[in-house]
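K.L.:
Mind looking at a prediction? Sequence and model below.
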Amino acid sequence: MTLNPRQTALLEEVRSQGFASIDELARKFGVTLQTVRRDVNLLAEAGMLARFHGGVRVEGSTVENIAYRQRQGLNAEGKARIARAVASAVPEGCSLILNIGTTVEEIARELMHHRGLRVITNNLNVASILADNPDCEVIVAGGVLRSRDRGIVGEATVEFISQFKVDIGLIGISGIEADGTLRDYDFREVKVARTIIEHSREVWLAADASKFNRQAMVELAHVSEIDRLFTDEPLKPPFESMLEESGVRCVVAQA
């Protein structure tokens, strides 16, 4: 699902406050109540916000992610821009680890014409995509298969990835909090992502604008442990200054 500028701004407004009334949003954006209701209904159906009588609030669950099929459609255009920006920065003839996530899968599609890559992944979708690149060696981690998104997790996955040291570890994330904490929902997935960070010479994070100020239960790392952040919208406070102070290079993949 691709949001228009007003819907994106509305989503960010609710996320910054935690909740808002329909009347308040209509006044702020200078549109009718009917227009706001249509926008919030669309965002609620996508799992990005939750409706209550007379208003809307941030989706409350910190323990369960949006369903995989829904995430595939969310902000597809922004994820495609991020994927193109990442792929243009990946040199040919390098080694990478790609983890779980719909943005990471989009990046795999953009690497289809790269040559001389060696990719380690715990994502069967990524492995399936890159298997069609004849000049890319794909190494699939062992472990427990998570059927809902074909991710591979668990102690066996951690152990397998620990054998390697790659040029670039490329990870997705469920949420980036205002203090720079990176969070996700499944502690098993987090342990694998943590291992990827520790076994990569450079760590690249791909996160669209919806991930900022989004809450999740399990702490993965701090943004200061990332070398590059690829996103689809200009950063807002406090993230811009936080990344600058942490020495993180930010690439905004604009249209």
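P.N.:
Received, thanks.
K.L.:
CA atoms for contacts and neighbours, from now on please.
P.N.:
Noted.
K.L.:
Check the burial of the residue lying closest to Glu92 once chain neighbours are set aside by counting its neighbours.
P.N.:
With sequence-adjacent residues excluded and distances taken as C-alpha to C-alpha, 6 or more residues apart in numbering, Glu92 is closest to Arg115, at 5.4 Å. For Arg115, the neighbour count with other C-alpha atoms under 10 Å is 16.
K.L.:
Would you confirm that Leu243 contacts Ser224?
P.N.:
Yes - contact criterion C-alpha atoms under 8 Å: Leu243 and Ser224 qualify, at 7.2 Å.
K.L.:
Which one's more surrounded, those two?
P.N.:
It is Leu243, of Leu243 and Ser224, that has more neighbours when counted by other C-alpha under 10 Å, with 20 against 17.
K.L.:
helix/strand/coil for the more buried one?
P.N.:
Using DSSP: H, G, I helix; E, B strand; the rest coil, the structure places Leu243 in helix.
K.L.:
so who does it touch?
P.N.:
Contact analysis of Leu243 by C-alpha atoms under 8 Å, 6 or more residues apart in numbering lists Val223, Ser224, Arg249, Cys250.
K.L.:
can you pull the contacts of the spatially most central residue of the chain?
P.N.:
Nearest to the mean C-alpha position of the chain, by C-alpha atoms, centre = their mean, lies Ala207 at 3.7 Å. Neighbouring residues of Ala207 by C-alpha under 8 Å, 6+ apart: Thr103, Gly172, Ile173, Leu229, Phe230, Thr231, Asp232.
K.L.:
One more: Ala20?
P.N.:
Neighbouring residues of Ala20 by C-alpha under 8 Å, 6+ apart: Val14, Gly55, Val56, Arg57.
K.L.:
List the ones among these that fall in helices.
P.N.:
Secondary structure from DSSP state H places Val14 of the contacts of Ala20 in helices.
K.L.:
Which of the contacts of Ala20 sits closest to Asn41?
P.N.:
Val56 (9.3 Å; C-alpha to C-alpha).
K.L.:
Kindly state the pLDDT recorded for the closest one?
P.N.:
Listed pLDDT for Val56 reads 84.
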